[in-house]
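1. Fold the stuff below for me.
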Amino acid sequence: MRFLNNSVAVLFFVQLSICLIYSDLECPRLNFSSSHLPDKHSHDGRNKIPSGLISTVIKGHQSPHRPFFVRIFSMRNSFNSLEECGGTAIETRWILTAAICVNSSPVDRVFVLSGDFSNREHQAEMHSVEQVICHLSYRQGFPDNNLALLKLETPLPYAYTIPLCYGRQPDCALLGAAGMGQISVVYPNMEPDSLREIKLTETRGHIFNRCPQNTICTKRTTEDANLCKGDEGAPLYSFHEEVSNHPKCLYGVAISFGRTKYSRLMCNGGSFFARVPFYYGWIRQTMQDNA
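-> Residues are numbered from 1 along each chain as shown. From the prediction side, this is the model:
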């Protein structure tokens, strides 16, 4: 999770609060004046998510069209506690994300933004959340069962969704992960204005350090490419064919990122995901029980 700067957080909170107070007020998009953005470059800001709210996975490249990726904002007890994560639209009214992103926020303080985040000129729609369902076995601070389902009040277009993977992917299969978390551990304020993607492969660890069966441990294909703060809940997906670059199904949900043994810097020691096929039954049954 990544915290937004105070001025942007206050503006965001005020606008969302107005929507909550006046239930008949239509608030489909966020509007910010460029004067409130970090002093980086000029931006119109109207009917767009400003670049001050956008950042990226470390060492990623600009992502192709990934409409299933959503932004999740949650608010806790003060103006300074607006947090952001990633998520995935798996059905028109269901978003899969990490429990750590939403387990401490009331449902009326969780919001989802959808749109084409790979397009710098995109317009994002804001969606209220009807229900937040965290895995019953999730415990704060532990990686196991770090999953949550969000039920939206209004549906997304079907074209925005991606199916769930229900089996293990082939060894050495190329996987993709997209996110908008922190871009650099050295310069945390460096923020591009579009969705970024990295390519990974799955690794099972070694005999003395096996990857748990409910977790996907990954190996990067580009040196230092990694998830970072703000990428929790982001999708890991397989491709129909490696050459096609077209996502086939959701394989994992980002839950943590590490650092190497000999480095003081975070976000350079691997990216870890909750394994969707392991939780396939829970996901399906939870959506069915709360339809």
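
2. Low-confidence ranges, this protein, go.
-> Counting by pLDDT under 70, the chain has low-confidence residues at 1-63, 77-80, 182-192, 206-208, 223-226, 242-243, 258-269.

3. Do a quick rundown of the helices in it.
-> Using DSSP state H, the helices of the chain run over residues 6-21, 280-289.

4. Could you list the buried residues of the shortest one?
-> By 16 or more other Cβ atoms under 10 Å, the buried positions in helix 280-289 come out as W282, I283, T286, M287. For the C-beta atoms, the positions are set from N, CA and C on the backbone; glycine is no exception.

5. wait, which of those is closest to G179?
-> I283 (20.4 Å; Cβ to Cβ).

6. Contact partners for the closest one?
-> By Cβ atoms under 8 Å, 6 or more residues apart in numbering, the contact set of I283 is I90, L96, L147, L149, L164, V276.

7. returning to that earlier point: could I get the buried residues of helix 280-289 as TSV with distance to F73?
-> Below are these laid out as TSV (distance: Cβ to Cβ, whole Å):
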residue	distance to F73
W282	25
I283	22
T286	22
M287	22
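
8. Wait, A159 touches R66, no?
-> No - A159 lies out of contact with R66 (Cβ atoms under 8 Å); the separation is 11.9 Å.

9. Relative to T221, how far out is the nearest residue in space to C85 that is not next to it in sequence?
-> Residue nearest to C85 in three dimensions, not counting chain neighbours: C101, with 3.6 Å by Cβ to Cβ, 6 or more residues apart in numbering. C101 is 26 Å from T221, where distance means Cβ to Cβ, to the nearest Å.

10. just Y279 next, same as before
-> According to Cβ to Cβ, Y279 stands 26 Å off from T221.

11. between the two, who's got more neighbours?
-> Y279 (19 against 12; other Cβ atoms under 10 Å).

12. Spatially, what comes nearest to the more buried one if we skip its sequence neighbours?
-> Excluding the flanking residues, the one nearest Y279 by Cβ to Cβ, 6+ apart is L147, at 5.8 Å.

13. quick one, what contacts that neighbour?
-> Residues counted as contacts of L147 (Cβ under 8 Å, 6+ apart) are L96, T97, A98, A99, C134, H135, Y138, V253, A274, Y279, W282, I283.

14. how many neighbours does F142 have?
-> 10.

15. which residues does C134 bridge with?
-> Beta bridges link C134 to A148, judged by DSSP bridges.

16. Could you pull up the residues touching it?
-> Applying Cβ under 8 Å, 6+ apart, we find C134 in contact with A99, V102, N103, L147, A148.

17. Would you mind measuring from it to G233?
-> In terms of Cβ to Cβ, C134 sits 12 Å off from G233.

18. And for V110?
-> V110 sits 12 Å away from G233, going by Cβ to Cβ.

19. Check the contact lists of those two and give me the overlap.
-> Common neighbours of V110 and G233 (Cβ under 8 Å, 6+ apart) are I72.

20. who has more neighbours, the two?
-> Using other Cβ under 10 Å as the criterion, V110 and G233 rank with G233 on top: 32 against 24.

21. Please report phi then psi for K229.
-> Dihedral pair for K229: phi -60, psi 130, per degrees, to the nearest 10.

22. re earlier: any chance of the contacts of L147 in JSON lines, with distance to L175 too?
-> Formatted as JSON lines, the contacts of L147 follow (distance: Cβ to Cβ, whole Å):
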{"residue": "L96", "distance to L175": "16"}
{"residue": "T97", "distance to L175": "18"}
{"residue": "A98", "distance to L175": "17"}
{"residue": "A99", "distance to L175": "22"}
{"residue": "C134", "distance to L175": "25"}
{"residue": "H135", "distance to L175": "23"}
{"residue": "Y138", "distance to L175": "24"}
{"residue": "V253", "distance to L175": "13"}
{"residue": "A274", "distance to L175": "14"}
{"residue": "Y279", "distance to L175": "17"}
{"residue": "W282", "distance to L175": "22"}
{"residue": "I283", "distance to L175": "19"}
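
23. I'd like to know which of the residues you listed is nearest to D171.
-> Comparing those against D171 with Cβ to Cβ places A274 closest, at 19.9 Å.

24. Can you get me a residue count around that closest one?
-> A274 sits with 26 neighbouring residues when counted by other Cβ under 10 Å.

25. Report the residue ranges of every domain in this protein.
-> 2-34+66-160, 175-278 (automatic domain parsing).

26. Any chance of JSON lines for the ones you listed, columns distance to A291?
-> Formatted as JSON lines, the domains of the chain follow (distance: least, Cβ to Cβ, whole Å):
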{"stretch": "domain 2-34+66-160", "distance to A291": "9"}
{"stretch": "domain 175-278", "distance to A291": "20"}
